[in-house]
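Asks: Fold the following for me, if possible:
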Amino acid sequence: MERIPIHLLRFILLAFVQIFLLKNMGYYNLSTPFLYVLFILVLPFKTPNWLVYLAAFCMGLTIDAFYDTLGLHALACTVMAWTRIIFISLTVSTEDRETEPEPGMSEMGFRWFLIYSFTLIFVHHFALFLFEIFRLSGFGEALLSTLLSTIFTLFLVVLSQFIFYRKKSR
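Replies: Here you go, the predicted structure:
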């Protein structure tokens, strides 16, 4: 409860960076960074599932309002939230969910965070680009855009984790 202002600030900051700095950054419409997904990635473990879905949907809707994408980001973020819930329930023990505050690199380790981030970012981008193209003949283009954008976004997410990396206090 005491960290709600931090998460609201993170929401606003990541939405601002995405909308005003990263919106027009990309590589020939094949690779676009979507750093705002970091908000969903680092939500605390103790966040109730319904709140994860709501927060993801609100972040996606906020981005949709500025990208004129009519709900594509909201859909992709909701799919990402669903994947996050499943991934965490399969890979993180109940004890770790109680002791670790959030799924960051400093708490869970580099390898786990890289696999976690890659999986969720890939799912988000695949849903986004597949529904954006929305035709079977564009599957290859969607997959190429997904892979390149996933690498670009993953680089920015890992870089931001290194910038804000905190040593574990144990």
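
Asks: can you give me the helices in this protein?
Replies: Secondary structure of the chain (DSSP state H): helices at 4-17, 38-41, 49-67, 72-91, 94-99, 105-108, 110-133, 139-163.

Asks: Quick check: which of those has the most neighbours on average?
Replies: Using mean count of other Cβ atoms under 10 Å, the stretch among the helices of the chain with the largest mean neighbour count is helix 38-41, at a mean of 21. Just so you know, the C-beta spots here come from the backbone N, C-alpha and C atoms, and that holds for glycine as well.

Asks: same for that one, what does it pack against?
Replies: For helix 38-41, the elements it packs on are helix 4-17, helix 49-67, helix 72-91, helix 110-133, helix 139-163, judged by 3 or more Cβ pairs under 8 Å, 6 or more residues apart in numbering; DSSP states H and E.

Asks: Including distance to residue 31 and mean pLDDT, could the helices of the chain go into JSON lines?
Replies: Shown next, in JSON lines, are those (distance: least, Cβ to Cβ, whole Å; pLDDT from 0 to 100):
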{"stretch": "helix 4-17", "distance to residue 31": "17", "mean pLDDT": "87"}
{"stretch": "helix 38-41", "distance to residue 31": "17", "mean pLDDT": "92"}
{"stretch": "helix 49-67", "distance to residue 31": "16", "mean pLDDT": "93"}
{"stretch": "helix 72-91", "distance to residue 31": "16", "mean pLDDT": "94"}
{"stretch": "helix 94-99", "distance to residue 31": "34", "mean pLDDT": "71"}
{"stretch": "helix 105-108", "distance to residue 31": "23", "mean pLDDT": "80"}
{"stretch": "helix 110-133", "distance to residue 31": "10", "mean pLDDT": "93"}
{"stretch": "helix 139-163", "distance to residue 31": "4", "mean pLDDT": "90"}
